[in-house]
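Novice: Fold the following, please.
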Amino acid sequence: MYIENKLMELLPTDGSIGTLEDFLKTLEGKTIKEVLDSVSYMSLYNMNKHGIGGARGSDKDAMDFANALQNFVNRDVMKHKPREREYDTEEFKKEHDYEGYNKARGQKARVSIARNKVKRDALRDGEDKTDELNKLETEIDKLQDFIDNHQYLRGYRMIDAEYDQAVKDYHNAPIKADYLKDDGSEAYSRLVQAFRAIGGDDEGTIDI
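Specialist: Alright, predicted model coming up:
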């Protein structure tokens, strides 16, 4: 019942869908996260109901609309979480000694392979190779400590945390009326098509 109630949060319940503009007004004050959560519940509902192959019939139309709505309200997420982050730029890598960081990672990988080989050989030959293993483990620990405290990784983590917080703030901010208007985007066009598929009123929607 809880899932079904969440399902209805993104669909009209009075038998009259009305216009897309009217529907979008009902989302004012909600957060993008609330919409995303409702879509997740709808997806779970349909998976439990229909199993393999996904939603069918009117449930598929409703799910298509929910997905289109999700894409529309979440359309600006890449402005807060860009495809290329600062730590991927050549300038940042050069300034923060990415070459030294990457070299240490490669060295650690090679030492780890050597340690695993010693372990396999010890099991195969029945020899005690504790001293050799301890030396390799110590070298791995030193390299890992160097990597964990390297300026590139510290900068990477700081930027990643800032981006993640920006996305979190974006998702949790109340949706304003202006953000729900036709912006001429492909996301809005798909939302119109999906709204019509569930019986929405063409009045007040753009022509595709």
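
Novice: Check which helices and strands the helix of greatest length in the chain sits against.
Specialist: Counting by DSSP state H, the longest helix found in the chain is helix 98-125. Judged by 3 or more C-beta pairs under 8 Å, 6 or more residues apart in numbering; DSSP states H and E, helix 98-125 is in contact with helix 130-148, helix 151-172. Where you see a C-beta, it was placed from the backbone N, CA and C, and this is true even at glycine.

Novice: Where does pLDDT dip in the protein?
Specialist: Applying pLDDT under 70 to the chain picks out residues 1-17, 52-57, 201-208.

Novice: swap the cut-off to 80 and go again
Specialist: Filtered on pLDDT under 80, the chain yields the residue ranges 1-18, 45-59, 81-84, 200-208.

Novice: what residues are up against residue 166?
Specialist: For residue 166, the contacting residues are 80-81, by C-beta atoms under 8 Å, 6 or more residues apart in numbering.

Novice: ok, now with 10 Å
Specialist: 77, 79-81 (C-beta atoms under 10 Å, 6 or more residues apart in numbering).

Novice: Quick check: strands, which of these are part of them?
Specialist: Among these, no member is found in strands (DSSP state E).

Novice: picking that back up, which one, of the helices and strands packed on helix 98-125, ends up nearest to residue 61?
Specialist: Comparison of the helices and strands packed on helix 98-125 against residue 61 by C-beta to C-beta identifies helix 151-172 as nearest, at 26.1 Å.

Novice: in that closest one, what's buried?
Specialist: 152-153, 155-156, 163, 167, 170-171 (16 or more other C-beta atoms under 10 Å).

Novice: then the following helix or strand past it to CSV, C-alphas only?
Specialist: Counting by DSSP states H and E, the next helix or strand C-terminal to helix 151-172 is helix 186-197. This file holds the C-alpha atoms of helix 186-197, laid out as CSV (Å, rounded to 0.1, in the frame of the first residue of the first chain):
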residue,chain,number,x,y,z
GLU,A,186,13.8,18.3,-25.6
ALA,A,187,13.0,17.2,-22.1
TYR,A,188,9.8,19.3,-22.0
SER,A,189,8.8,18.0,-25.5
ARG,A,190,9.1,14.4,-24.3
LEU,A,191,7.1,15.3,-21.2
VAL,A,192,4.3,16.7,-23.3
GLN,A,193,4.2,13.5,-25.4
ALA,A,194,4.2,11.3,-22.3
PHE,A,195,1.4,13.4,-20.7
ARG,A,196,-0.8,13.0,-23.8
ALA,A,197,-0.2,9.3,-23.7
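
Novice: so what does helix 186-197 touch, helix or strand wise?
Specialist: Helices and strands touching helix 186-197, by 3 or more C-beta pairs under 10 Å, 6 or more residues apart in numbering; DSSP states H and E, are helix 20-25, helix 57-73.

Novice: In CSV: the ones you listed, plus distance to residue 47 and mean neighbour count.
Specialist: Formatted as CSV, those follow (distance: least, C-beta to C-beta, whole Å; neighbours: other C-beta atoms under 10 Å):
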stretch, distance to residue 47, mean neighbour count
helix 20-25, 25, 18
helix 57-73, 10, 19
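
Novice: In JSON lines: those, plus distance to residue 183.
Specialist: JSON lines is the format used below for the helices and strands packed on helix 186-197 (distance: least, C-beta to C-beta, whole Å):
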{"stretch": "helix 20-25", "distance to residue 183": "12"}
{"stretch": "helix 57-73", "distance to residue 183": "9"}
